[in-house]
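got a predicted structure here, sequence first:
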Amino acid sequence: MPRQLTEKQKRFAEGIVSGLTQEQAYIQAGYASRGVTARAEATKSIQNPNVQAYINELRKDAVDETIDGARRAYRVLIDIMEGNKDTDSLLVQKTGELVTAPPRADARVKAAVEVLKYHAGIYQAKDTTDEDDGQLDAIADGLRAAVSDD
């Protein structure tokens with residue numbers, strides 16, 4: 001039975017999974033070592049089978065979350081593009097009466113592109129490239145064509 005990890009070992013593994021170097025993760029975990037000593041101790045820590053198992057578990061969980069997020073985004077896109085009732089819009093008629101109606105095709109395309117941008121992480125990036133914008137334009141054109149075929 002594997003030995004239980006200390007809090008520092010857990011923080012070290014979490015730092016590794018978050019993208020820190022071994023030395024950075026070692027120091028951030030709260031170990032007092034610096035410089036060459038930190039590097040050497042971090043190397044020992046990363047070779048610990050229990051730490052390795054925890055790192056693998058964290059990575060598997062991260063992959064599972066990514067897959068689940070992609071599945072949710074896919075379902076939302078389908079709902080948006082099909083104009084399902086859950087995505088109805090409130091409209092005010094000239095008489096002042098409120099009615100629900102499926103969103104117009106251009107609104108569905110815009111919503112779908114926004115979902116794609118969010119899921120692709122483009123919202124977090126402060127400096128999206130022209131290439132990203134071109135890809136989104138191409139996706140939007142394809143979605144518009146698909147919706148206009150309805």
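Looks like it came in fine. Predicted model, so just to flag it, every value in this text is computed and none were measured.

state the distance from the closest residue to Glu41 other than its chain neighbours to Val51.
Counting by C-beta to C-beta, 6 or more residues apart in numbering, Ser33 is the residue found nearest to Glu41 once chain neighbours are left out, at 5.2 Å. C-beta here means a position set from N, CA and C on the backbone, and glycine is covered the same way. To Val51, Ser33 is 16 Å away according to C-beta to C-beta, to the nearest Å.

neighbour count winner among the two?
Using other C-beta atoms under 10 Å as the criterion, Ser33 and Val51 rank with Val51 on top: 19 against 14.

report the buried residues of stretch 70-83.
By neighbour count on 16 or more other C-beta atoms under 10 Å, the buried set for stretch 70-83 is Ala73, Val76, Leu77, Asp79, Ile80, Met81, Gly83.

do the same with stretch 56-69
Those would be Leu58, for stretch 56-69 by 16+ other C-beta under 10 Å.

can I get it in CSV, CA atoms only?
The C-alpha atoms that make up stretch 56-69 are tabulated as CSV, following Å, rounded to 0.1, in the frame of the first residue of the first chain:
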residue,chain,number,x,y,z
ASN,A,56,-0.5,10.9,-13.0
GLU,A,57,-3.8,11.0,-11.1
LEU,A,58,-4.0,14.8,-11.3
ARG,A,59,-3.1,14.7,-15.1
LYS,A,60,-5.8,12.2,-15.7
ASP,A,61,-8.4,14.3,-13.9
ALA,A,62,-7.4,17.4,-15.9
VAL,A,63,-7.8,15.4,-19.2
ASP,A,64,-11.2,14.1,-18.0
GLU,A,65,-12.3,17.7,-17.2
THR,A,66,-11.2,18.9,-20.6
ILE,A,67,-13.1,16.1,-22.3
ASP,A,68,-16.2,16.8,-20.2
GLY,A,69,-16.0,20.5,-21.1
